[in-house]
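A.B. asks: Turn this into a model:
(2 chains)
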Amino acid sequence: MSTQPGQDAKFFQRGKIEEFRAELQAAETKDKKYQKRKTVLKKVVANITMGNDMSPLFTDVVQCLGTPLLEIKKMVYLFLMSYGRTKPEQIHLVIPSFLQDCNDRNPLIRALAIRTMSYIPIPVVTDALSDQLRHCIKDRDPYVRKTAAICVAKLYTADPRKAERGGFVELLRDLMLDANATVVANAVAALSEIGDRQDGVIFRLNLLIASKLIAALGESSEWGQIYILDSLLRYVPDKHADAEMMAERVIVQLQHANSAVVLTAIKVLLYLMNYMENRRLIDYICKKMGPPLVTLLSSGPEVQYVALRNILLIIQRRPAVLKNDVKVFFCKYNDPIYVKLAKLEIMYRLAREENAREVLAELEEYASEVDIDFVRKAVRSMGRLAIKVEPAADSCIQSLLGLIDTKVSYVVQEAVIVTKDVFRRYPGKYEGIIPKLCENLDALDEPEAKAAMVWILGQFADKIDNADELLDDLVYTFLDEPVEVQLALLTATVKLFIHKHQSDTTKALVHKVLKWATEEIDNPDLRDRGFMYWRMLAMNPTLAGEIVLAEKPAITTDSDRMDRGALDQLLLHTGTLGSIYHKNPETFIRNAAGRALIDSPALNANSRAVLVPLSRPQLPPVAVSVSGPGPTEPTRPSSPPGEAGTSKPSLAVPVASGSSEGRDLLDIDDVTAESGGGGDSGEGYGDIDDDGPTGNAADPYANLGGAFGGYSADEPKPMGNRTGHGGDLDDLLF
Amino acid sequence: MAIDGLIILDGSGRPIIQSGYTAYPPAYPLLHIDTLNNALAQVSRESDVDPVLYVGPGIGESLAGSACCHIEVGGGLRMIASISGDEDPLVAFAFLQAFLEILQDYFGAVSTATLRDNFDVVYQLLEETLDSSGHPLTTSPNALRDIVLPPSLLSKLLASVSPSAPTSSSGRNTGGSFGGNGTGAAFASPIPWRKAGVRHNHNEILFDVVEEMRGIVGRNGVTLVSNVWGKIESNAKLSGTPDLLLTFTNPNVLTDCAFHPCVRLQRWTRDKALSFVPPDGRFVLAEYQHTSPSAVVSHLPVPLALKTNIDIGEFGGTVHLTLSSRLSTKELDNVEVELYLGDDASGAQCTTSSAGTGVGSVGGAEGSWSFDSRKKALRWEIPSMRTSGSWVLRGSWTSKSKTPRPAHAVHIRFDIPAYNFSSLKVDQLRLSGENYKMYKGVRGRSLGSIEWRW
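C.D. replies: Numbering: from 1, shown residues only, chains lettered A, B, ... in the order given. Model (predicted):
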């Protein structure tokens, strides 16, 4: 019914509401033990859970609040949680009951009352709640205190400034030192929620509080541990030693049974490692992280999937983790396809000279599997393996040739595609297999495979005796081919002509293709390329040869690793949606707060060099227009990269100095104040200030495209790309 | 960090129960339901749907992207957790699992009918375990049972309370007596997983050590991968606040342990002993991995051997499998061999036999075969395999395709009762903090799941 609210359903619902109302009214008299009311309310709640609108019953249901039976009270409160917010004009009817229940001697009822009130963001209710909450946050019962902590976060959502003026953030801060671990965890959760808001106060931990929170881990529930561990990312170590001490205390959490706790602990460790210098400890932590990650793979397929996607990120940044565990990722034929694909990717990443043989044997196994997608990916991985691990290239090529012999169409096509890349990686080494490829020309019907084969024919036209015949055959269908193949054919015939310009057939062939490309084709790229070749050949064929057959940069697979700065930032999102889709969550998920490494004296130099600034792009317009005192700042692009790390440099400095003195428990800065600081550039620059960091932040992910394709093909790219971050390779491989 | 809400869907993809989603437009849960149903409709095997589905922005900007985490519950039911923000999908899955366990704890089997009959309890459980801003709250059944009464207990209590005429004041007291004191106790207890004041007439604690071997054997009969994952499942019925110390004679066989929050991790790191105050009832005390003790042979041996001789012809093929046990003392039970014959498989015809299986070869000892026309798989089941002798399955299958594509691996499952791969031995269990005698029991069991390639 809730999925298709048709006309009949609506009518049925209206009838039901009248029925319930009548029943409730009848129950007011002669209701022994409140049984009647209970039955009706149960039906009402049932309808709510099925997504039916029961709000017209508001006044009738609220009448039951006076009933002195906990069961009934609970159901009325459930009703209020669902519909309270939609009845601003009637809500005052309930306030007296709320207030009474807030002072009930039963802690369950006290908690229920404040919780329900916090669900109703209407000013009269929030006013009443603020008063009550102040008491409840200091209630002697921990259940009430822990509920109150969460209610503060909701109060904050309803009216941030009011909650701040009311001193609730400070009250929460005090709750972090509560004797009860559940209360501590909820206070942390509430503060984190507030801190993640675009307009919230900044929630940062200092060493003292961070240590206290770690101490509370042992007594917390698993969910509490997750909140607490996650909040440790808000602690910025000032000294290497602090980070190292913290990490040592977190390591023990890797032995937790809850997979989410384990992954959160790993996230914290990866974060803290950015601030450490002790290589031995870092190596030790990397070693310690491996087994719990492997243990996650013994769980259900859903957990495996999340774990695998995270492992893929982690091993790119810390290759030492799981270095010797490639076998764990071998696929079973009855694994779900998403698990298989993720495992395959990791196997490729972990492949080295030492294990290349094992990995290749597995890949061969997969090439005979039933699932076509998986087989293709496996064949492709063989080619990538050949490109990545040079000593294994020979055997990879042998395997690929074996697969071509199977004559299974999609296997052959996939093999041809990767072979093209192998040729580019090892020029002059494997051209001997070209005849074999040519035998299978007719089997190629997919554009990518066909284009790859055409490229090979053109590139090595001088080594293939009958290249002109083969191309002539292929050109026969030129006008019907997809653009991808047409482009390849055009270039290949030109190359052929340059290789064999004496031959009349090639001359005729190239003329035919150029004429088609420039006269019959609508695609501007193809037409332009046609004109370009034509002019080059007409003006100076020798020079054309030099250009068309120019030496190509050798390719490598190193560049398919992510940009280091982006990787650092993504790892702060370990275990979150960002790590599943390998994309920063704030770019595609609602309410996601960005995260970035924060500079501190302890941040290691390599991480600082690639620091990606974080922006809070959606500041409320009011805050932006506030102008601060002080001289006009130079525009952002000219600031040195190191400082760009903190998107609001003028803010970060005072904050850092404040926390280093250890006076504040946390740094609470009103956003208005923050923007005041950030707005040093003056009124006129307000907009630039706001947009600048956004542009910066967006940039590093340009190369992370295809996030939702999940398994981007990781095409080998020209080696040139590497120069950008060539310097940090040593660091990546420790 | 937020789980936006939880939805339970019936077998046909319609919602049975969903949490409030109060802060979201009504279309939001519907978007998630539709996304999942669409994804399910697009695959041939339901298990192939990505467990984390991206839900695109809906109409209106308040519905920017989010994600739908889902699990299958059994009986065709599915649970969805909608997440957005910085949420960890693992939290969502852990929460779904925890909520499922709570439902099982409350109602036994979880089905459309039990959920419909107890929707008010389910709804209360939802409210109590997941607050509206998406924080999982209490999922420990120990604490929950005090706040939300299980249906049977509820009716009993109401029956006993009802005779007293509920005047306003005594009614309030009634509420207090079964809700209030209990709650106070549950959350005042310094131990979040255990409520205070537990009483049992008969004090006992039982441990089940369950180990599962998962492995892959290559076509040459060489074990490629084999891992043993173990679990210590416990059922504690102990009064008061018992502080237990469990020691093993050979704790070194346990590697990569993961523990229930009740276990004192520092103590384990220091002297490899499990010191803990258990929750009341069933819980998993520890999970571990058992790895090969010798550095030379990196794999644990697979306890059986399979010879395969499978020929693929046109429109079918022949199968000849020979299975034997490699264990010298224990029997393998419930051995199940499965071979996927390809999507076009239409039937199979086989015979089973056994040879040299010792005296008293009772009826059915040679096993039975069947063809699962839904999964397109040939299944061979042997109820019990002794230590000696061999079991043979011989036959052929037919396929509608000229070139059948069966899986190139045979899947084997088995049980070994009263046996552990790791031969983990409990040394002793000591109780402190309470003065009673308790009954202690330890039981071992092993399972296997092996992929044998051919």
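
A.B. asks: which residues of chain A score low on pLDDT?
C.D. replies: Low-confidence segments of chain A (pLDDT under 70): A:1-15, A:30-32, A:49-51, A:556-562, A:575-576, A:585-594, A:613-734.

A.B. asks: What residues does the stretch 301-450 of chain B have near chain A?
C.D. replies: B:Tyr340, B:Gly342, B:Asp343, B:Arg405, B:Ala407, B:His408, B:Ala409, B:His411 (C-beta under 8 Å from any C-beta of the partner chain). From N, CA and C alone the C-beta is placed, and that goes for glycine too.

A.B. asks: Highest neighbour count among those residues?
C.D. replies: B:Ala409 (25 neighbours; other C-beta atoms under 10 Å in any protein chain shown).

A.B. asks: Show me where the stretch 51-200 of chain A has its helices.
C.D. replies: A:58-63, A:70-83, A:95-102, A:107-118, A:123-136, A:142-158, A:160-165, A:168-175, A:181-196 (DSSP state H, counting those that start in this stretch).

A.B. asks: Make CSV out of those helices and add distance to B:Asp333.
C.D. replies: Listed next are those as CSV, based on distance: least, C-beta to C-beta, whole Å:
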stretch, distance to B:Asp333
helix A:58-63, 57
helix A:70-83, 48
helix A:95-102, 58
helix A:107-118, 49
helix A:123-136, 57
helix A:142-158, 48
helix A:160-165, 62
helix A:168-175, 54
helix A:181-196, 44
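
A.B. asks: any idea how far the closest residue to chain B within the stretch 301-450 of chain A is from B:Leu77?
C.D. replies: Closest approach of the stretch 301-450 of chain A to chain B (C-beta to the nearest C-beta) occurs at A:Glu302, with a separation of 3.8 Å. Using C-beta to C-beta, to the nearest Å, we find A:Glu302 at a distance of 15 Å from B:Leu77.

A.B. asks: Of these two, which one has the most company?
C.D. replies: Using other C-beta under 10 Å as the criterion, A:Glu302 and B:Leu77 rank with A:Glu302 on top: 25 against 19.

A.B. asks: Name the nearest residue to that one, sequence neighbours excluded.
C.D. replies: B:Pro51 (3.8 Å; C-beta to C-beta, 6 or more residues apart in numbering or on different chains).

A.B. asks: could you list every residue that touches the closest residue to A:His135 other than its chain neighbours?
C.D. replies: Of all residues not flanking A:His135 in the chain, A:Cys102 sits nearest, at 7.7 Å (C-beta to C-beta, 6+ apart). Applying C-beta atoms under 8 Å, 6 or more residues apart in numbering or on different chains, one finds that A:Cys102 lies in contact with A:Arg110, A:Ala113, A:Ile114, A:Gln132, A:His135, A:Cys136.

A.B. asks: Where does the stretch 201-350 of chain B get nearest to chain A, residue-wise?
C.D. replies: B:Asp256 (3.8 Å).

A.B. asks: Just the element for that residue, please.
C.D. replies: strand B:255-259 (DSSP states H and E).

A.B. asks: how far does that strand sit from the chain's center?
C.D. replies: Centroid separation between strand B:255-259 and its chain, computed with C-alpha atoms, centre = their mean, to the nearest Å, is 18 Å.

A.B. asks: Give the next helix or strand downstream of that strand.
C.D. replies: Next along from strand B:255-259, by DSSP H and E: helix B:265-271.

A.B. asks: so what does whatever helix or strand comes next after that following helix touch, helix or strand wise?
C.D. replies: Next in sequence after helix B:265-271, counting helices and strands by DSSP H and E, comes strand B:274-276. Packing partners of strand B:274-276 (3 or more C-beta pairs under 8 Å, 6 or more residues apart in numbering or on different chains; DSSP states H and E): strand B:243-248, helix B:265-271, strand B:281-290.

A.B. asks: For the last one, C-alpha coordinates in CSV please.
C.D. replies: Provided in CSV are the C-alpha atoms of strand B:281-290 (Å, rounded to 0.1, in the frame of the first residue of the first chain):
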residue,chain,number,x,y,z
GLY,B,281,22.9,-16.1,27.5
ARG,B,282,24.4,-16.9,24.1
PHE,B,283,27.4,-15.0,22.8
VAL,B,284,30.5,-15.5,20.7
LEU,B,285,33.5,-15.3,23.1
ALA,B,286,36.2,-15.3,20.5
GLU,B,287,37.0,-15.8,16.9
TYR,B,288,40.4,-16.9,15.7
GLN,B,289,42.4,-18.2,12.9
HIS,B,290,44.4,-21.4,13.1
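
A.B. asks: Neighbouring strands - and their directions - for that strand?
C.D. replies: Counting by DSSP bridges, the strands paired with strand B:281-290 are strand B:223-237 (antiparallel), strand B:255-259 (antiparallel).

A.B. asks: what's the spacing between A:Leu205 and chain B?
C.D. replies: Look at A:Leu205 and chain B: by C-beta to the nearest C-beta, to the nearest Å, they are 16 Å apart.

A.B. asks: Would you list the phi and psi of that residue?
C.D. replies: phi -100, psi 150 (degrees, to the nearest 10).

A.B. asks: cool, and B:Cys69?
C.D. replies: Here B:Cys69 shows phi and psi, under degrees, to the nearest 10, equal to phi -100, psi 130.

A.B. asks: Look up how far chain A lies from it.
C.D. replies: 7 Å.

A.B. asks: OK, contacts around the nearest residue to that residue once chain neighbours are set aside?
C.D. replies: Using C-beta to C-beta, 6+ apart and skipping the chain neighbours, the partner closest in space to B:Cys69 is B:Ala92 (4.1 Å). Applying C-beta under 8 Å, 6+ apart to B:Ala92 gives the contacts B:Ile3, B:Cys69, B:Ala81, B:Ile83.

A.B. asks: Just the element for B:Ala92, please.
C.D. replies: Residue-wise, B:Ala92 maps onto helix B:89-107 under DSSP H and E.

A.B. asks: Can you tell me which residues in the stretch 351-500 of chain A are near chain B?
C.D. replies: Residues of the stretch 351-500 of chain A lying close to chain B by C-beta under 8 Å from any C-beta are A:Ala361, A:Glu362, A:Glu365, A:Ser368, A:Glu369, A:Val370.

A.B. asks: Double-check that B:Leu431 belongs to a strand.
C.D. replies: Yes. Assessed by DSSP: H, G, I helix; E, B strand; the rest coil, B:Leu431 belongs to a strand.

A.B. asks: What separation do you get for it and chain A?
C.D. replies: 21 Å.

A.B. asks: Might one say that that residue is in contact with B:Pro278?
C.D. replies: No. Using C-beta atoms under 8 Å, B:Leu431 is not in contact with B:Pro278, being 10.6 Å away.

A.B. asks: Now do the helices in the stretch 401-550 of chain A.
C.D. replies: A:409-425, A:434-439, A:447-459, A:467-475, A:483-499, A:504-519, A:524-539, A:541-548.

A.B. asks: would you list those helices in TSV and tack on mean neighbour count and distance to A:Arg85?
C.D. replies: Converted to TSV, these look like this (neighbours: other C-beta atoms under 10 Å in any protein chain shown; distance: least, C-beta to C-beta, whole Å):
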stretch	mean neighbour count	distance to A:Arg85
helix A:409-425	22	55
helix A:434-439	16	67
helix A:447-459	23	54
helix A:467-475	19	67
helix A:483-499	23	55
helix A:504-519	17	64
helix A:524-539	15	55
helix A:541-548	14	69
